[in-house]
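Trainee: Fold the following.
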Amino acid sequence: MVMDGINQQIAALFYAKAAILKARSDKYKFRTLAYIRAAQAITKLDRGLDEIYAHGWLVGLEKIEGIGNRLAHEIETELKSRGLAKKK
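Mentor: Numbers count the residues shown, from 1 in each chain. Below is the predicted model:
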């Protein structure tokens, strides 16, 4: 398991989003669970999200258990905003 900087940061972001949604209302229950599952999956990765994205783009991110299209796009946006979305 690798907890490089970007994985740790994005997992923390997803946990924070889950906490905000949980505090708002029960109607966000499934979205809250999706963020938690995604954060847990990210913390178990043996490669950095930036490396996975570089080699597999969005499809590579979607292969991570718990990461669907919407969350893959959120990860991509975070990687781009940090200058880490380099494709090989």
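Trainee: element containing the closest residue in space to A18 that isn't next to it in sequence?
Mentor: Distances taken as C-beta to C-beta, 6 or more residues apart in numbering put Y35 closest to A18, at 3.9 Å, once the chain neighbours are dropped. (C-beta placed from N, C-alpha, C; glycine too.) Per DSSP states H and E: Y35 is located in helix 29-43.
Trainee: what do you get for D46?
Mentor: For D46, there is no helix or strand it lies in under DSSP H and E.
Trainee: Count residues in the vicinity of it, would you?
Mentor: 7 (other C-beta atoms under 10 Å).
Trainee: Look at G66 and give its secondary structure.
Mentor: coil (DSSP: H, G, I helix; E, B strand; the rest coil).
Trainee: Torsion angles phi and psi at it?
Mentor: Per-residue torsions, G66: phi 90, psi 0 (degrees, to the nearest 10).
Trainee: Next one: it from Q40, what distance?
Mentor: From G66 across to Q40, the span is 7 Å (C-beta to C-beta, to the nearest Å).
Trainee: Ok, R31 next?
Mentor: With C-beta to C-beta as the criterion, R31 and Q40 are 15 Å apart.
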